[in-house]
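Chemist: Turn this into a model:
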Amino acid sequence: MLLTDIAVEHTVVSKKNGVRQTFVLHPFTDTQRDSLGKFEVVRDIREPGLKEGKRSTFVSFQQLAELYAKGVLEEFGFSVRMCPAQGTYPAKNPAKKILPASIRPGSPFELAVQQVDVSKPASRELRTALLRTHVKL
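Modeler: Residues are numbered from 1 along each chain as shown. Coordinates of the predicted model:
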């Protein structure tokens, strides 16, 4: 499933011939067993004592809305794995940061973000998922 409520433009330049391609990318749900129907959020890890690299975890639609509403995506530098609605992306699907301007006003996702009670702590399931990325809520 594509989350078309969020759209980010992305341009790729071919290393072979320099041809530029522009894609409109959307978050998409995974099709694997354990992460079926969930969105992948990715974070670069650069902390003392840890190997530098990327860590990712999978979250549901509601959990993604909660992360966005609480500012967790921006605060900890998370990106969301994206893919084009039409055509195929020439390489591995990129992870992009989601800015407020990328969310369609009045969309179901924006409404879900607005309905999150930011005064309540994150659910146990969400906190557990974020531990994979070395984030504690």
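
Chemist: May I ask which helix or strand encompasses the spatially most central residue of the chain?
Modeler: The structure's the chain has its C-alpha centroid closest to residue 80; by C-alpha atoms, centre = their mean the separation is 1.8 Å. Using DSSP states H and E, residue 80 maps to strand 78-84.

Chemist: List of residues touching that strand?
Modeler: With C-beta atoms under 8 Å, 6 or more residues apart in numbering as the test, strand 78-84 has contacts from 2, 6, 8, 10, 23-28, 39-43, 56, 64, 67, 72-73, 89, 93-98, 133. For every residue, glycine as well, the C-beta is placed using N, CA and C.

Chemist: Sitting in helices, which of those do you find?
Modeler: 64, 67, 72, 73 (DSSP state H).

Chemist: which two from those end up farthest apart in space?
Modeler: Using C-beta to C-beta, the ones in helices among the contacts of strand 78-84 span at most 10.1 Å, a distance reached by 64 and 72.

Chemist: Which element, helix or strand, includes residue 105?
Modeler: With DSSP H and E as the test, residue 105 turns up in no helix or strand.

Chemist: if we can go back for a sec, could I get the ones in helices among the contacts of strand 78-84 in JSON lines, plus columns for pLDDT, distance to residue 137 and neighbour count?
Modeler: Shown next, in JSON lines, are those (pLDDT from 0 to 100; distance: C-beta to C-beta, whole Å; neighbours: other C-beta atoms under 10 Å):
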{"residue": "64", "pLDDT": "95", "distance to residue 137": "14", "neighbour count": "25"}
{"residue": "67", "pLDDT": "94", "distance to residue 137": "9", "neighbour count": "28"}
{"residue": "72", "pLDDT": "92", "distance to residue 137": "7", "neighbour count": "18"}
{"residue": "73", "pLDDT": "91", "distance to residue 137": "12", "neighbour count": "19"}
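
Chemist: Fine by me, thanks again.
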